[in-house]
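Enquirer: coordinates for the following, if possible.
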Amino acid sequence: MPTSDELATRAIGERIQNIRTRTGRTRAVVAGLVGRSEDWLRDVEKGRLQHPPALDMLLRIGQALGVRDLTEITGDHELLVGVSRRAGHPVVPAIRAAIEGVDLTPAPSPVDTVGLAARVQRAWRLWHTSATPRADAGAMLPGLIRDGRRAVRTLDGSERRAAAAALSGAYALSEQVLAWVADAPLLWLAADRCMSAAEIADDPVTLASASWVLGNVWRSTGREADAYRLMSDAIALLGPHLDGNRDAQALWGACQLHGAITAARIGREGDALHSIDQAMGIARALPPGSAHPWTLFGVANTEISAVSVQVDLRKSGSALDTASAVDPDTVPSIDRRARLWLELSRAYAQQRDWLGTLGALRTGTAVSQESMKCHPLARSLAAELVTHSGRLNERESRRLAAQLDVTA
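Expert: Predicted coordinates for the structure are as follows:
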């Protein structure tokens, strides 16, 4: 690893490449987070641009790379990236205020924990059934978080544990809403609060659910090995509670899927495929149509995860074959349905089949433009299409890039 003195002599592009490589981030993901193409970022890193990126773009690259001090990239003026807090969606500021705020005023009235839990479940249903899940579910979260925090602060015994379980669900949904559209510190705080509330609830299913959330954040910030171990621990925690407990069974399966995707991303093909098989076994044993309210674990979600695993293993042909057996209409989540088409577009892109990439990504955008616009892989693919799909598809590629707010 280069020393600080060695880095001081390097150009901006070299520093960016070194930080990206050191933190395990791919060009595709970083480019998608800043709304540019993978080729553009490669040109930045290789010093091929006539001028280095402007300061606002360097700030965005710094956030995507997870650096706090911008001098790691620029080598001069000390600028703290952490001061610039990302709000890539209108719901972020209100959710941030609810998570970060402190309210010490006495509670005006007792919080109805049964009603609170029902509201959290309603927000999760909105997340899965809306074509604009961040806007619709995100609008409910500030009130849920504030009421949940007040309930945990003021209640005792079983009522406090029930309130903590509901609050953990609200924080879990916050992690889903904030992913890719908020800065990493806020995402970390939401996941940490989710786990803290689950520990108060002291229930294996709630703890496993919070582990699933925390594992998402660990995996997306370069801690894949830690995320895999956490899922293994959650699976072991749920083991003694599987008999007759559908929630425990569904969470066990969801953690298997989480582990499968994580294993694929770190090249552990055998572990990834074994986890998919384990998840499918329990998914088929659950009653038809059943799905966990958070993770939507079931046969359809397992099939989508199997596609993701093949793509992450860079086995695009197997991914396309696996996807051909999936009926999109059986996927009980609009966001997950859009993700299926994103995975297909990734598989086509691996084969340099730009017409297939365009068609799949366009279909995913039609399912949920908000979901595709907020996902860095979709944005990166849209930028790649503009530069690689050829004259025949250029007009449609540029139209799709504009829909996703991407500048190629």
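
Enquirer: every contact and neighbour count from this point should use C-alpha atoms.
Expert: Will do.

Enquirer: whichever strand or helix holds G115 packs against which elements?
Expert: Using DSSP states H and E, G115 sits in helix 113-129. Helices and strands touching helix 113-129, by 3 or more CA pairs under 8 Å, 6 or more residues apart in numbering; DSSP states H and E, are helix 133-154, helix 157-178, helix 334-350.

Enquirer: ok, the residue nearest the centre of the chain to L186 distance?
Expert: For the chain, the residue nearest the mean C-alpha position is A179 (4.8 Å; CA atoms, centre = their mean). From A179 across to L186, the span is 10 Å (CA to CA, to the nearest Å).

Enquirer: before we move on, back to that, could you dump the helices and strands packed on helix 113-129 to JSON lines with mean pLDDT, distance to K315 and mean neighbour count?
Expert: As requested, the helices and strands packed on helix 113-129 are exported to JSON lines (pLDDT from 0 to 100; distance: least, CA to CA, whole Å; neighbours: other CA atoms under 10 Å):
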{"stretch": "helix 133-154", "mean pLDDT": "95", "distance to K315": "30", "mean neighbour count": "21"}
{"stretch": "helix 157-178", "mean pLDDT": "97", "distance to K315": "27", "mean neighbour count": "25"}
{"stretch": "helix 334-350", "mean pLDDT": "95", "distance to K315": "8", "mean neighbour count": "25"}
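
Enquirer: so which of the ones you listed is nearest D327?
Expert: Smallest distance to D327 across the helices and strands packed on helix 113-129 (CA to CA): 9.7 Å, for helix 334-350.

Enquirer: send me the closest one as PDB with only the CA atoms.
Expert: As requested, the backbone C-alpha atoms of helix 334-350 are provided in PDB (Å, rounded to 0.1, in the frame of the first residue of the first chain):
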ATOM      1  CA  ILE A 334     -42.300  -3.500  -7.700                       C
ATOM      2  CA  ASP A 335     -38.800  -2.600  -6.600                       C
ATOM      3  CA  ARG A 336     -37.600  -6.200  -6.700                       C
ATOM      4  CA  ARG A 337     -39.300  -6.600 -10.100                       C
ATOM      5  CA  ALA A 338     -37.300  -3.700 -11.400                       C
ATOM      6  CA  ARG A 339     -34.200  -5.200  -9.900                       C
ATOM      7  CA  LEU A 340     -34.800  -8.400 -11.900                       C
ATOM      8  CA  TRP A 341     -34.600  -6.400 -15.100                       C
ATOM      9  CA  LEU A 342     -31.500  -4.600 -13.800                       C
ATOM     10  CA  GLU A 343     -29.800  -8.000 -13.200                       C
ATOM     11  CA  LEU A 344     -30.700  -9.000 -16.800                       C
ATOM     12  CA  SER A 345     -29.200  -5.800 -18.200                       C
ATOM     13  CA  ARG A 346     -26.000  -6.500 -16.200                       C
ATOM     14  CA  ALA A 347     -25.900 -10.000 -17.700                       C
ATOM     15  CA  TYR A 348     -26.400  -8.700 -21.300                       C
ATOM     16  CA  ALA A 349     -23.700  -6.000 -20.600                       C
ATOM     17  CA  GLN A 350     -21.200  -8.700 -19.600                       C
END
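
Enquirer: can you list the buried residues in the helix or strand that it is followed by?
Expert: Of the helices and strands lying after helix 334-350 in sequence (DSSP H and E), the nearest is helix 354-367. Under the neighbour-count criterion of 16 or more other CA atoms under 10 Å, helix 354-367 has 354-365, 367 buried.

Enquirer: ok and helix 354-367 relative to helix 334-350, angle-wise?
Expert: 170 degrees (axes from the mean of the first three to the mean of the last three CA atoms, to 10 degrees).

Enquirer: taking helix 157-178 as reference, get the angle to the helix holding G115.
Expert: 20 degrees.

Enquirer: and helix 113-129, how far out from the chain's middle?
Expert: Centroid separation for helix 113-129 versus its chain: 20 Å, with CA atoms, centre = their mean, to the nearest Å.

Enquirer: pLDDT of that helix, averaged?
Expert: On average, the pLDDT along helix 113-129 is 96.

Enquirer: related to what we said a few turns ago, now for the residue nearest to the centre of the chain: which residues touch it?
Expert: Counting by CA atoms under 8 Å, 6 or more residues apart in numbering, A179 touches L187.

Enquirer: can you pull the pLDDT of it?
Expert: Reported pLDDT at A179 in the predicted model: 91.
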